[in-house]
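> fold the stuff below for me.
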Amino acid sequence: TKMAAHAFYPGSKDDGLASDLLTVLQRPRLDLPLYRHFIPRSPAALQDVVLKAQRVQETIERLSRAEADPAKARARLEKEAEEIYGSMSHNLGIPTLRFVAYMMGKILKRIYPDIRINKDDLQRVREAIETAPVLLLPTHRSYMDFLVLSYVFFLMSVPVPVIAAGEDFQSMSVVGALLQGCGAFFMRRAFSSNSLYGSVFSEYVQQLVGNGEAPLEFFVEGTRSRTGKSLHPKLGLLSMAVQPYLDRRASDVTAFPVSISYHERMESNLYVNEMLGTPKPKESLSGLIRAKSILSHDHGRLHVVIGKPISVRDFFGQRDDRVAQTRDPSLFQITQAHRKVLHELAVEVVLRQQRDMVIMLPALMAALMLSGPRWRRISVEDARLNIEWLAAQITERGAPVDLGDGPPAFFQSLAALEPVAIVSPDGKFVTVNASSPEEALLLAHFRNELVHVFAAEALCATAIAAVGPAVKQKDLVQEFAFLHSILYYEFVLPAAGPAVSRMCANALQHLRVAGIVAREGHAPMTGFLPDDNIVVQLVAHPLVPLLLSLVQPLLASVVVIIDVMIASGGVPPKPDDLIKRARQQAVQEWKRLHQYPDSMSSNSLHNALHALTQLGVLVRGHEAPHFIHESKRGALETIRARVVRALSAAAPSAAAKL
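Predicted coordinates for the structure are as follows:
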């Protein structure tokens, strides 16, 4: 199973110079697998291939013709293309890898002294590399994600990946050079306005993949998740990476979803501050040095799970039409039909990442702490029983759980939640008190690690509670679809349309099996009820408050956004100002009620704004990015009323007891 993972650090457990140095000097072995169609190329030869590619040359030609002196412009653009290539390309080399692996070993053994990985997963990657170009698609919750796979692959003699990294790291002169030496290549956050950069970058990526130079690693979510939940995937790099298959340069491309789970992330407090509006600090070497206290703290266990591979060829299946391409040499583009399939592929990657995320003690504790008053003061023994109960609920849903190794893991997990959770001097009781917005959001940040396990069931339970106490199944589907649309950006779930009805039916079935839903006036049912007119209701079950607590804080974000929009006259000057006002209002509401911590998060407020825009009740305009059109005001007020109804829905009175 995925939990049959092995402690990772190879060699002696002694942290001395000799053992660590010997370990890295013995790597990599000489039997590294190679892609069967790989053609060896020097860095200079690769640069020459990229810059002379038709895509790049056509872009240079088009741009030079638009200027008064085309010949002079061409010379300038060719030089610019060389500079673009030189600044972004990787410089993977064994000496740098060995140096960084040695330093990483010293750091990782301090901050994550227990790394777990299934060695069978690594062997599956080794085998796949020989038959097709390989994509490694990890979750992105921490800066550590950049280096963990490279470190593991290097020491386990799997070809080290080349990694797409944000150009922010390039400004860190020493660190940037080391990252390039470990296989990182840098990309701008956006380059649609620079067609030459787009052409060079996309050709570079496609050459790396098409020739099988090395596994290509990038984050399909695009950026780090501050909230602890998965983000909706971006298609840019994925589109470039599968293009060699679409234009027949490769017979297939193999994608490996990778899930990296942390007992405690180094950046947790930093993320909380960012969610509350503190600007993200710029990456710098001095900032890394100032993080010395973080780099000396034991953050617990780390799991790396490499999921089952996805064949791009098989995924496209009968929808594959690799000839019908629309091609714009100024920037990478594919057909709309391919884009639809790529979106489905990207979502499938994230869904598989979520299924393999290992749920650990801090997430379980935080979820229980936020689900009701039971955990304000609780004995350690009762707390353990509650945690074991919730862990069993998660395991029943097919998600892996790691409860650590006995009492030390329990108390280390409580320490990760300080100062929210405090153990009494005699070690017998736990007191929970989130006395500030930062502390409340810290709990939400940890709790979000398990949201994906219950997301569909939480939406279904909230829909029943909102319309109920009893609701016809056909009305339940409508309410579920509404909640799914208004919270679309909060959860990564299967696509909209008919899939939403199926998702609701599946969630209802899970609730029935768990004994959480019953026919009106009957005991809990476990069978499937196909009649849409059958009336169902929630029963008093200890999981119900937790399910509602996963959804209602997000609904509060929607209400806050709508209220601020209306109060501002419908035309706020810009989204950042709107989010700032909404966050301030949410903080005041939290201080008054001590409820709905997620509503204070800039991320949730942005998600609410985007969802309302997608639903068409907020309009993008030229003078203001979002405004209320008078014809849409009634629809906006209707949405607010439905959200408030769901927000005020309560669990059956006995359900809070565990």
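
> neighbouring strands - and their directions - for the longest strand seen in the chain?
Longest strand in the chain, counting residues (DSSP state E): strand 254-262. Here strand 254-262 is paired, per DSSP bridges, with strand 134-138 (parallel), strand 301-306 (antiparallel), strand 310-311 (antiparallel).

> tell me which of those sits nearest to H510.
Of all those, strand 301-306 sits nearest to H510, with 23.1 Å by C-beta to C-beta. Placement of C-beta: from N, CA and C, glycine included.

> contacts for the closest one?
2, 5, 8, 112, 114-118, 121-122, 124-125, 136, 144, 148-149, 152, 256-263, 356-358, 360, 400, 402, 404 (C-beta atoms under 8 Å, 6 or more residues apart in numbering).

> hmm, back to that, show the subsequent helix or strand relative to the longest strand of the chain.
Next helix or strand after strand 254-262 toward the C-terminus (DSSP states H and E): helix 268-275.

> for that next one, C-alpha coordinates in CSV please.
Presented in CSV, the C-alpha positions along helix 268-275 are these (Å, rounded to 0.1, in the frame of the first residue of the first chain):
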residue,chain,number,x,y,z
SER,A,268,2.8,27.9,8.1
ASN,A,269,2.9,31.2,10.0
LEU,A,270,4.2,33.1,6.9
TYR,A,271,1.2,31.8,5.0
VAL,A,272,-1.2,32.9,7.7
ASN,A,273,0.2,36.4,7.5
GLU,A,274,-0.1,36.5,3.7
MET,A,275,-3.8,35.4,3.9
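
> what angle separates that helix from strand 254-262?
Angle of helix 268-275 versus strand 254-262, following axes from the mean of the first three to the mean of the last three C-alpha atoms, to 10 degrees, is 100 degrees.

> packing partners for helix 268-275?
helix 437-447, helix 602-614 (3 or more C-beta pairs under 8 Å, 6 or more residues apart in numbering; DSSP states H and E).

> columns mean neighbour count and mean pLDDT on top of these, output as a markdown table?
A markdown table is the format used below for these (neighbours: other C-beta atoms under 10 Å; pLDDT from 0 to 100):
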| stretch | mean neighbour count | mean pLDDT |
| --- | --- | --- |
| helix 437-447 | 24 | 96 |
| helix 602-614 | 22 | 94 |
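
> the ones you listed: which one's closest to V500?
helix 602-614 (14.3 Å).

> contact partners of that closest one?
Identification of contacts with helix 602-614 by C-beta under 8 Å, 6+ apart yields 226-227, 274-277, 485-490, 553-554, 557-558, 560-562, 575, 578-579, 582-583, 586, 598-599, 618-620, 626, 636, 639.

> switch to 7 Å and redo it
Helix 602-614 is contacted by residues 226-227, 275, 277, 485-490, 554, 557-558, 560-561, 575, 579, 582-583, 598, 618, 620, 626 when judged by C-beta atoms under 7 Å, 6 or more residues apart in numbering.

> need the contact partners of the longest strand of the chain.
125, 128, 132, 134-139, 141-142, 145, 148-149, 299, 302-307, 309-312, 349, 352-353, 356-358, 360.

> where do the helices sit along the stretch 251-400 of the chain?
In the stretch 251-400 of the chain, the segments counted as helices under DSSP state H, counting those that start in this stretch are 268-275, 285-290, 292-295, 312-316, 336-356, 361-370, 380-396.

> give me the angle between the longest one and strand 134-138.
Relative orientation of helix 336-356 and strand 134-138, computed by the same axes, to 10 degrees: 60 degrees.

> just the last one next, same as before
Between helix 380-396 and strand 134-138, the angle formed by their directions is 150 degrees, by the same axes, to 10 degrees.

> and helix 380-396, what does it pack against?
Counting contacts by 3 or more C-beta pairs under 7 Å, 6 or more residues apart in numbering; DSSP states H and E, helix 380-396 packs against helix 361-370, strand 401-402, strand 429-432.
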